[in-house]
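J.: Sequence unavailable; structure follows:
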């Protein structure tokens, strides 16, 4: 089975979605979880339209049903995990009735997902910003990890946890230490031994925490845009690939590596001339995950998947296979105990709708590259998901109140655009698309009619 949770992959990740469709044609059962009936939900056998912010409650309910219907593989739980007893006790109160009450999803829909997930030979959980862009986004992800550990759908071919990135080099940014708590190669910044390795090579002390200077940014260097420099990228399957320039850099821009080398020099760490291959060799010497990624191998093999610890290693097609080894390799995977939490802001008569973010297929992420182009039909691209519907007649509606105030407003700010009135039979949720300041965001109705009705659409029961 394939479980899309908080992900409209049809619009946000169209290339990956074509691969997903191949899986569906080969017999995979698709399920979709999210507050909006998105383009992706139209392809699902079952859409679970949960209330915004109720993800943990729904995951815990599915996990409890999984646990009761089919106990987890005992040897895997004993050998590869820890914290299971505390987790099992924690999810016990999450009955189907409680899940329905807290998540707004009918009990029979929750039951159907659980009955498909637990006995599945292979299962993948795919998520994206719909899970992470919450005040409890970390807990949302931990809950999904718990579900995968409970069913053993991790570390095996075809069974995995799949966070979907919104841009082609998000993975590489994390790989190379862009995360504030990690060094290149995912070495933890509080690991004294790892810091010592990098400090010896870089000639600079590395603080164990986040410095105050990271709170504010006053200077934005001018690197060239995509396709104008020589670099390496990591895609969502951790494959490191070479990228060559296809066009001439814009005048006034500089290569990323040259900017970083000059900055290091001004901070007192002389790095010499910027050289991409020398930098890659430095990374190989410091991070075991990249030791086998010699330049010539990346060139001849078309890329390698991290981790690749030596030059005879073929790369790692999927992670966490070590959890199934006898004896287990490395540390155990830990179950997390996470509680359900509601959004900080509640809806009321004055603010009756929730505003969330989303993407549309024509927009290509933020619209920087696609916003100025036209569709094949010749019409300009617009970042909308459905046509505007007129407000109904009668007493003043939320739409009319927003119009009187000059657009949409929240308890904290105002937006000049006017949201579409949602279908009153469905949840009061509307979206703002990712667009550049040059192209003002447009807000749209989030419930286009599905091309085919899911077998059990929760919204039919509300």
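T.: Nice, I can see it. What you see is a predicted model; the values in this text were computed from it and never measured.
J.: In terms of pLDDT, where does residue 350 sit?
T.: Listed pLDDT for residue 350 reads 86.
J.: If you could redo that for residue 272, that was the one I meant.
T.: pLDDT at residue 272 comes out at 76.
J.: Can you give me the buried ones in stretch 280-300?
T.: 280, 282-284, 286-287, 289-294, 297-298 (16 or more other CB atoms under 10 Å). No exception for glycine: its C-beta is placed from N, CA and C like everyone else's.
J.: can you redo those as JSON lines with secondary structure, pLDDT and distance to residue 157?
T.: Shown next, in JSON lines, are the buried residues of stretch 280-300 (DSSP: H, G, I helix; E, B strand; the rest coil; pLDDT from 0 to 100; distance: CB to CB, whole Å):
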{"residue": "280", "secondary structure": "helix", "pLDDT": "85", "distance to residue 157": "29"}
{"residue": "282", "secondary structure": "helix", "pLDDT": "90", "distance to residue 157": "34"}
{"residue": "283", "secondary structure": "helix", "pLDDT": "90", "distance to residue 157": "28"}
{"residue": "284", "secondary structure": "helix", "pLDDT": "92", "distance to residue 157": "28"}
{"residue": "286", "secondary structure": "helix", "pLDDT": "93", "distance to residue 157": "31"}
{"residue": "287", "secondary structure": "coil", "pLDDT": "91", "distance to residue 157": "26"}
{"residue": "289", "secondary structure": "helix", "pLDDT": "91", "distance to residue 157": "21"}
{"residue": "290", "secondary structure": "helix", "pLDDT": "93", "distance to residue 157": "24"}
{"residue": "291", "secondary structure": "coil", "pLDDT": "95", "distance to residue 157": "25"}
{"residue": "292", "secondary structure": "coil", "pLDDT": "95", "distance to residue 157": "21"}
{"residue": "293", "secondary structure": "coil", "pLDDT": "94", "distance to residue 157": "23"}
{"residue": "294", "secondary structure": "coil", "pLDDT": "92", "distance to residue 157": "27"}
{"residue": "297", "secondary structure": "helix", "pLDDT": "94", "distance to residue 157": "23"}
{"residue": "298", "secondary structure": "helix", "pLDDT": "92", "distance to residue 157": "24"}
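J.: Can you tell me the number of residues neighbouring residue 151?
T.: 24 (other CB atoms under 10 Å).
J.: What are the neighbouring residues in contact with it?
T.: By CB atoms under 8 Å, 6 or more residues apart in numbering, the residues touching residue 151 are 66, 70, 72, 117, 118, 120, 123.
J.: can you check residue 187 too?
T.: Residues near residue 187 by CB under 8 Å, 6+ apart: 194, 197, 198, 287.
J.: go again using 7 Å as the cut-off
T.: By CB atoms under 7 Å, 6 or more residues apart in numbering, the residues touching residue 187 are 194, 287.
J.: before we move on, what about the one 3 residues further on?
T.: Contacts were defined as CB under 7 Å, 6+ apart; by that measure residue 190 touches residue 208.
J.: For it, pull up the helix or strand it's in.
T.: Of the helices and strands defined by DSSP states H and E, none includes residue 190.
J.: Equivalent analysis for the one 10 residues further on, please.
T.: In this structure, residue 200 is located in helix 192-202 according to DSSP H and E.
J.: ok, now residue 172?
T.: Counting by DSSP H and E, residue 172 is found in helix 170-175.
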